[in-house]
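*Asks:* Sequence first, predicted coordinates after that:
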2 protein chains.
Amino acid sequence: MKKNVIVGQSGGPTAVINASLYGVVYEALNREDACGTVYGMINGIEGFLNGKVMDMEPLERSGELELIKTTPGSYLGSCRYKLPEDLDDGVYPKLFGRLEEYGIGYFFYIGGNDSMDTVSKLSRYAAKYGSDIRFIGIPKTIDNDLVHTDHTPGYGSAAKYVASTVREISLDASVYDNKKSVTIVEVMGRHAGWLTAAGALARKFDGDNPLLIYLPETAFDTERFLKDVESALEKTPNVVVCISEGINDGKGTFICELASSVGVDTFGHKMLTGSGKYLENLVKDRLGVKVRSVELNVCQRCSSAMLSGTDQKEAIASGAYGVKRAIEGETGKMVAFSRLPGEDYRTDYVLEDVNAICNQEKTVPAEWITGRGSDVSREFTAYALPLIQGTVKVPEKDGLPLFAYRR
Amino acid sequence: MKKNVIVGQSGGPTAVINASLYGVVYEALNREDACGTVYGMINGIEGFLNGKVMDMEPLERSGELELIKTTPGSYLGSCRYKLPEDLDDGVYPKLFGRLEEYGIGYFFYIGGNDSMDTVSKLSRYAAKYGSDIRFIGIPKTIDNDLVHTDHTPGYGSAAKYVASTVREISLDASVYDNKKSVTIVEVMGRHAGWLTAAGALARKFDGDNPLLIYLPETAFDTERFLKDVESALEKTPNVVVCISEGINDGKGTFICELASSVGVDTFGHKMLTGSGKYLENLVKDRLGVKVRSVELNVCQRCSSAMLSGTDQKEAIASGAYGVKRAIEGETGKMVAFSRLPGEDYRTDYVLEDVNAICNQEKTVPAEWITGRGSDVSREFTAYALPLIQGTVKVPEKDGLPLFAYRR
């Protein structure tokens, strides 16, 4: 008997979270043997609770679904809504009532570890109360911090953006090579340094910028940092440094929190600033060289210009794979990637227990962090390089990328 | 009789300043009837004074010259060096001695209005002391603020970057459409708002983000700004605002200076990095909504991912045109663009008196600024749209853009 399908997106957007949406929708629309209507939930589980859904099939007919494949952001909207720990909370019967109302048999949720928490709870509730609805998580995060998977869709494109942008910033920073300068690039990643480490891929040759890379996995020492920068300035006049937004002293204090003296506006309000800005001021003050900080900000998760072909392909395939396995009867699982041994990059799609994934964080292995916490090893670049391969042609109109959006 | 050629780059880099370099070098190498050795000066006129030059011809043989066409930054390096006003200063005989030493007959300088000041002084010195060396300026600036030209190479690519990035940021900012938010995007441009105005091109439909755009040409009133944001929040939950880094109160105070701790750069210039951050704090404090500021920073002038085909083609052609006209006998001129009337975009390349261009600034016409200083008119978008057309394929290696660089 056919069952209807619902798919949602949750957490922060990435450049390929919509490619995963495409994968789910495309596969479900093509599995007429098992799937009835394919719904999208607007603003995740939170919107769904309020009955905000849309029929996805018209998007295929209008051609909009094709556009979704290369559109950054979350087409369906997102939410940050945590389901209660207590499965006897009243929200669960309400949610399952909604699912019944729409005749849902297959539920797909695209997101990071918080979203996997939602999948975990819904599947456990279903098991407890005998619902046969199948719940599958489709992974997504630029942070690459999900456990039990080689990597996560969203990371490859963000890493490609960081690597190419750091390469461009390094060229820009080196035009006045008769004057010493330091450029600090702040990259996203509060607890895991995977994305910051991708700055290493920017190097055009051994000894090229970025000369220094600091991840949140290693305790950050500002005095050692200043010494590292001084040594680097002896090698090249223009030093580029990549830091994670989450660099910290190893005792729970973020470097950006040291910025008590940063600034007060005319109304006497404290101006909040990032780690990059803090270190910019520190270097200026202590080393007296020209210094600039660049915060890559949301562009690293929403740039369509640097979509990785590999990442996009895998995002689509992971969505489609989730549908296939749900139809086969799986539930309470997340789609994961298992890298096969060998010189050429190949991965298997597998399912992992979502309960073992949610609320966990995978950080960069200590043995991949070198130079007393100021660089990453060749093992890291060998790991990351396959994930940024391939380009994606984004449709254009009037000289600009053409994107899908809900009317 | 053949004369040698020298070309230099000066001021801040752009995405196509190397395309102009390519245009000069390619044309000069192909004019064997008039041109001997083609030299590049390293770090502009300042490096040249110290005898830092390179022979450009080997770059053509090695294929590096082709790569230069799509490489951001200044391949030859740059400088910010102002020649003395007094033409009887001792630096002039020294410079002309160097030019004689290298047998230079044609001198090309790629840059903005400061660089045109260099071309002006050198050509006036040559006229005064009977030198027959020809001095031609090749325009470059993302600010688009040179007078006597319809537009300037570098602007089209930067405008395309700003428009596409603001479009992506708007998608990213709208994923939580159940919560009100404000995103402030800070764009380069100290005195001229051309680049900030390009944010208007990001709109996918009438009434789309960015809902508000503030240029430095209009006095910025923080109270009116807060009212504008409040009104915009009534129309849509997620408001995106573009501001120029140079927004000011109309009486000489930059908005970022309202934050009490503002640094001074090595030239003694006040650092303009905080207008977005200042307004972020103001909106948070006064309107109590979620707010974020994004500084596009150097990426807007060094991103190769958003090269405008039109801009790159014109940058190359303007370099080549300068060589052609110098050989014909012109000196003391800058290559300029004259837009032809008619529906289709076409331009003539012309020469303008460099003395009328240097040290001037072209700002956005007052009649193109609408909404009491919070938007731009359709005349602006009609002007800017042709300049961002066309894409450029950047050579790739290992999943990243491949760039030329001096060894």
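*Replies:* Okay, I see it.
*Asks:* Show the backbone phi and psi for residue A:11.
*Replies:* phi 80, psi -170 (degrees, to the nearest 10).
*Asks:* mind listing what it touches?
*Replies:* Applying C-beta atoms under 8 Å, 6 or more residues apart in numbering or on different chains, one finds that residue A:11 lies in contact with A:78, A:80, A:111, A:112, A:114, A:115, A:140, A:141. Quick note: C-beta positions are derived from backbone N, CA and C, even for glycine.
*Asks:* Save the residues you listed as TSV, and put in secondary structure, distance to residue A:320 and pLDDT too.
*Replies:* Listed next are the contacts of residue A:11 as TSV, based on DSSP: H, G, I helix; E, B strand; the rest coil; distance: C-beta to C-beta, whole Å; pLDDT from 0 to 100:
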residue	secondary structure	distance to residue A:320	pLDDT
A:78	coil	21	95
A:80	coil	27	87
A:111	strand	17	96
A:112	coil	20	94
A:114	helix	24	91
A:115	helix	18	95
A:140	coil	15	97
A:141	coil	19	96
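*Asks:* The stretch 251-400 of chain A: helices as residue ranges?
*Replies:* A:275-287, A:299-302, A:309-327, A:378-384 (DSSP state H, counting those that start in this stretch).
*Asks:* now the second one, how far from the centre of its chain.
*Replies:* Which is helix A:299-302. Computed by C-alpha atoms, centre = their mean, to the nearest Å, the chain-centroid distance of helix A:299-302 equals 9 Å.
*Asks:* which residues are contacting it?
*Replies:* So helix A:299-302 is in contact with A:12-15, A:72-73, A:142, A:154, A:158, A:161-162, A:165, A:187-188, A:195, B:165, B:168-169, B:171-172, B:294, B:299, going by C-beta under 8 Å, 6+ apart.
*Asks:* make it 7 Å
*Replies:* Contact with helix A:299-302 is made by A:12-15, A:72-73, A:142, A:158, A:161-162, A:187-188, A:195, B:165, B:168-169, B:171-172, as judged by C-beta atoms under 7 Å, 6 or more residues apart in numbering or on different chains.
*Asks:* try the last one
*Replies:* With contacts defined as C-beta under 7 Å, 6+ apart, helix A:378-384 is touched by A:159, A:197, A:198, A:200, A:201, A:368.
*Asks:* number of nearby residues for the fourth one?
*Replies:* For residue A:200, the count of nearby residues is 21 (other C-beta atoms under 10 Å in any protein chain shown).
*Asks:* For the residue in the stretch 1-150 of chain A that chain B sits nearest to, which three-state class applies?
*Replies:* Across the stretch 1-150 of chain A, no residue is closer to chain B than residue A:73, which sits at 3.4 Å (C-beta to the nearest C-beta). At residue A:73 the chain is in coil, as set by DSSP: H, G, I helix; E, B strand; the rest coil.
*Asks:* most tightly surrounded among the helices of the stretch 251-400 of chain A?
*Replies:* helix A:299-302 (a mean of 26; mean count of other C-beta atoms under 10 Å in any protein chain shown).
*Asks:* What mean pLDDT does that helix get?
*Replies:* Across helix A:299-302, pLDDT averages out at 96.
*Asks:* Put the alpha carbons of that helix into PDB.
*Replies:* What follows is helix A:299-302, C-alpha atoms only, in PDB (Å, rounded to 0.1, in the frame of the first residue of the first chain):
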ATOM      1  CA  CYS A 299      29.200  33.300   2.600                       C
ATOM      2  CA  GLN A 300      31.100  30.000   3.500                       C
ATOM      3  CA  ARG A 301      27.800  28.200   3.800                       C
ATOM      4  CA  CYS A 302      25.700  29.900   1.100                       C
END
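*Asks:* need the helices for the stretch 101-250 of chain A, in chain order.
*Replies:* A:113-129, A:155-173, A:194-197, A:222-235.
*Asks:* deepest of those helices, which one?
*Replies:* Of the helices of the stretch 101-250 of chain A, helix A:194-197 is the most buried (mean count of other C-beta under 10 Å), at a mean of 30.
*Asks:* Please list the outside residues in contact with that helix.
*Replies:* By C-beta under 7 Å, 6+ apart, helix A:194-197 touches A:142-145, A:155, A:158-159, A:162, A:187-189, A:213, A:215, A:242-244, A:300, A:364, A:376, A:380.
*Asks:* Now find how far off-centre it is within its chain.
*Replies:* That offset, for helix A:194-197, works out to 11 Å (C-alpha atoms, centre = their mean).
*Asks:* And stretch A:169-185, by the same measure?
*Replies:* Worked out by C-alpha atoms, centre = their mean, stretch A:169-185 lies 29 Å from the chain centre.
*Asks:* on that earlier part again, which ones among the contacts of helix A:194-197 map onto strands?
*Replies:* A:187, A:213, A:242, A:243, A:244, A:376 (DSSP state E).
*Asks:* In TSV: these, plus distance to residue A:132.
*Replies:* Below are the ones in strands among the contacts of helix A:194-197 laid out as TSV (distance: C-beta to C-beta, whole Å):
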residue	distance to residue A:132
A:187	44
A:213	49
A:242	49
A:243	49
A:244	44
A:376	46
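*Asks:* List just the nearest of those to chain B.
*Replies:* residue A:187 (13.2 Å).
*Asks:* Could you list the residues of the stretch 51-200 of chain A in contact with chain B?
*Replies:* Within reach of chain B by C-beta under 7 Å from any C-beta of the partner chain, the stretch 51-200 of chain A has these residues: A:71-74, A:77-79, A:160, A:163-165, A:167-169, A:171-172, A:174-178.
*Asks:* which non-adjacent residue is nearest residue A:44?
*Replies:* residue A:79 (3.6 Å; C-beta to C-beta, 6 or more residues apart in numbering or on different chains).
*Asks:* what sits against that neighbour?
*Replies:* A:10, A:43, A:44, A:45, A:46, A:47, B:176.
*Asks:* Let's see if you can find the most crowded of the residues you listed.
*Replies:* Among the contacts of residue A:79, residue A:10 has the most neighbours (other C-beta under 10 Å), with 31 neighbours.
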